[in-house]
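Asker: missing the sequence, but the structure's below:
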């Protein structure tokens with residue numbers, strides 16, 4: 001028996017941990033060599049709190065009584081004031097004869113605690129960096145969010161708890177933008193890394209914010225593919241940019257003030273002349289008709305140009321649209337000719353149709369007017385301007401130099417016969433506030449550059465003194481299908497109005513186009529027609545009516561006939577009309593006064609949705 005005890009004693013002496021047995025009255029019964037070394041003497045017979053920790057009374061963290069009472073294993077950590085080190089204590093009740101004693105195995109964990117503290121500080125440091133930097137979000141291939149930082153919480157109004165585990169597309173992606181979000185995520189999963197991709201989000205309060213994203217795919221610690229998205233909020237910058245564009249548009253129009261006044265003066269002189277001659281030809285119907293047609297042409301020319309300029313002067317809608325560049329340039333040609341004046345000859349070379357791009361029409365108009373204004377200022381004695389539109393395909397080698405994507409582009413060339421640009425000026429020509437004129441803000445060409453870049457395009461200038469200037473604008477072609485002839489003769493249209501003359505004119509125009517208009521002079525009359533079984537395919541109405549609330553009537557008809565297409569003919573701005581009917585986003589707007597051609601185009605669009 002003595003030999004066994006000696007064996008166990010030697011085993012415990014070889015153990016690097018501190019082993020001790022303490023009696024119920026805190027006296028040390030046994031201590032191994034490691035414990036003796038730590039105490040600097042043999043502590044047997046001495047109070048444990050004095051020998052182990054240099055205290056004069058029982059340690060405040062002591063669990064001896066609890067261990068002896070419960071007879072269970074206890075594990076905890078202590079900091080000893082004697083040597084300023086951390087220890088892990090494992091204690092249990094140990095029976096010696098008839099008496100229960102207190103057995104403890106103590107390990108020095110000071111180095112472990114130092115590493116833990118170092119790690120805690122590092123985690124705190126890097127967490128602070130992540131939280132105080134731009135938006136950061138991690139989500140897996142299924143779109144489930146694994147991490148968001150504090151900036152994400154501030155911008156979205158969503159707490160971390162509300163975001164974790166949720167689907168990113170359901171949580172923050174506006175439904176109308178889900179397609180472009182999914183397309184970009186798929187590109188990221190395929191290893192495509194794009195910088196500065198603008199993708200909007202929806203906040204917890206339903207507010208729309210614009211963010212600029214850099215996304216990449218990595219593997220998480222368990223080897224699962226994870227998308228990291230980092231973004232900055234550019235909502236405020238976009239608002240400021242819109243204000244800047246608006247101010248620059250006003251500047252562009254201001255540069256054409258003299259030409260506009262000259263054109264308006266010529267118009268009034270021509271009208272006055274035709275009216276004077278017409279009075280002398282009242283007995284000659286054919287000659288009178290000829291003069292009336294000429295006056296109508298003059299009025300239509302000015303109406304078309306003034307409407308374009310008023311639309312240009314208003315704030316541009318935020319969304320881009322699919323535009324056929326050939327049709328757009330054809331519509332702008334007359335306005336550009338008048339703005340340039342009689343001394344400058346404008347030549348436009350465009351294909352019939354088919355070059356379609358996604359761009360805000362007002363922004364494209366702003367690009368053209370800025371280039372036209374620059375060319376006109378450069379040629380005070382007159383000259384020529386050539387606008388050419390063509391399709392080009394850019395290879396990967398070419399776009400590497402232009403910082404755009406390879407593929408098919410519409411190339412818009414704008415060339416003038418002015419004095420040209422010196423080589424030292426060309427590198428600075430698109431810089432904001434750079435100008436070679438005595439008067440001017442230097443924002444015109446900077447705006448052209450910003451707008452083209454906004455739509456993933458490229459603009460370049462080629463010039464030399466005495467050889468004019470050539471601007472080449474590349475805009476990516478869209479894959480959307482081409483417009484088709486959607487006219488549907490026989491379409492049944494419910495027309496609601498109050499002015500008998502206007503109703504008669506609208507009816508005759510619709511009949512001429514092959515449609516079937518049913519004209520009513522009040523909402524009550526329109527409801528009565530519907531009660532008798534009439535099922536309209538298109539409802540044609542104004543918002544300004546004395547016979548009742550137009551908004552309620554339109555919503556009533558839309559609820560009754562969900563497939564009904566609404567055409568609102570109004571002198572109010574389109575933004576006002578749509579703001580009054582936000583629950584009917586597919587309505588068609590027709591500005592008053594309108595021509596037969598404009599009515600035809602609008603009804604063809606309505607027919608497409610029937």
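Answerer: In hand now; what should we look at? Please read all numbers here as calculations on a predicted model, not as lab measurements.
Asker: correct me, but residue 135 touches residue 232?
Answerer: Yes: using Cβ atoms under 8 Å, residue 135 makes contact with residue 232 at a distance of 7.1 Å. C-beta: built from backbone N, CA, C; applies to glycine.
Asker: which neighbours do the two share?
Answerer: Here residue 135 and residue 232 have residue 211 as joint contacts, going by Cβ atoms under 8 Å, 6 or more residues apart in numbering.
Asker: show me which of those two is the more surrounded one.
Answerer: Neighbours per residue, other Cβ atoms under 10 Å: of residue 135 and residue 232, the larger number sits with residue 135, 23 against 16.
Asker: so the residue lying closest to the more buried one once chain neighbours are set aside is in which element?
Answerer: Of all residues not flanking residue 135 in the chain, residue 231 sits nearest, at 4.2 Å (Cβ to Cβ, 6 or more residues apart in numbering). Using DSSP states H and E, residue 231 maps to strand 225-233.
Asker: then residue 49?
Answerer: Using DSSP H and E, residue 49 falls within helix 48-53.
Asker: state the mean pLDDT of that helix.
Answerer: Taken as a whole, helix 48-53 has a mean pLDDT of 88.
Asker: what bridges to residue 90?
Answerer: With DSSP bridges as the criterion, residue 90 is bridged to residue 75, residue 105.
Asker: could you check how far residue 103 is from residue 89?
Answerer: Counting by Cβ to Cβ, to the nearest Å, the separation of residue 103 from residue 89 is 11 Å.
Asker: repeat for residue 149
Answerer: Taking Cβ to Cβ, one finds residue 149 at 39 Å from residue 89.
Asker: how about stretch 199-217: buried residues?
Answerer: Using 16 or more other Cβ atoms under 10 Å as the test for burial, stretch 199-217 gives 199, 200, 201, 202, 209, 210, 211, 212, 213, 214, 215, 217.
Asker: whoops, I mixed them up, stretch 22-30
Answerer: Neighbour-count burial for stretch 22-30 [16+ other Cβ under 10 Å]: 22, 23, 26, 27, 28, 29, 30.
Asker: now for residue 474, how many residues are close by?
Answerer: Residue 474, neighbours per other Cβ under 10 Å, totals 20.
Asker: before we move on, the earlier item: in contact with the residue nearest to residue 135: list those residues for me.
Answerer: Contacts for residue 231 (Cβ under 8 Å, 6+ apart) come out as 134, 135, 137, 199, 211, 212, 213, 214.
Asker: any idea how far residue 212 is from it?
Answerer: Taken as Cβ to Cβ, the span from residue 231 to residue 212 is 6 Å.
Asker: so what's residue 197 up against?
Answerer: Neighbours of residue 197 in contact, by Cβ under 8 Å, 6+ apart: 184, 212, 213, 214, 215.
Asker: so which of those are in helices?
Answerer: Residues of these located in helices (DSSP state H): residue 184.
Asker: make JSON lines out of the contacts of residue 197 and add distance to residue 371 and pLDDT.
Answerer: Shown next, in JSON lines, are the contacts of residue 197 (distance: Cβ to Cβ, whole Å; pLDDT from 0 to 100):
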{"residue": "184", "distance to residue 371": "32", "pLDDT": "87"}
{"residue": "212", "distance to residue 371": "28", "pLDDT": "91"}
{"residue": "213", "distance to residue 371": "32", "pLDDT": "91"}
{"residue": "214", "distance to residue 371": "33", "pLDDT": "90"}
{"residue": "215", "distance to residue 371": "35", "pLDDT": "90"}
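Asker: can you redo the contacts of residue 231 as JSON lines with distance to residue 514?
Answerer: Formatted as JSON lines, the contacts of residue 231 follow (distance: Cβ to Cβ, whole Å):
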{"residue": "134", "distance to residue 514": "57"}
{"residue": "135", "distance to residue 514": "54"}
{"residue": "137", "distance to residue 514": "54"}
{"residue": "199", "distance to residue 514": "44"}
{"residue": "211", "distance to residue 514": "49"}
{"residue": "212", "distance to residue 514": "49"}
{"residue": "213", "distance to residue 514": "49"}
{"residue": "214", "distance to residue 514": "54"}
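Asker: give me phi/psi at the closest residue to residue 48 other than its chain neighbours?
Answerer: With sequence-adjacent residues excluded and distances taken as Cβ to Cβ, 6+ apart, residue 48 is closest to residue 22, at 4.8 Å. Dihedral pair for residue 22: phi -120, psi 140, per degrees, to the nearest 10.
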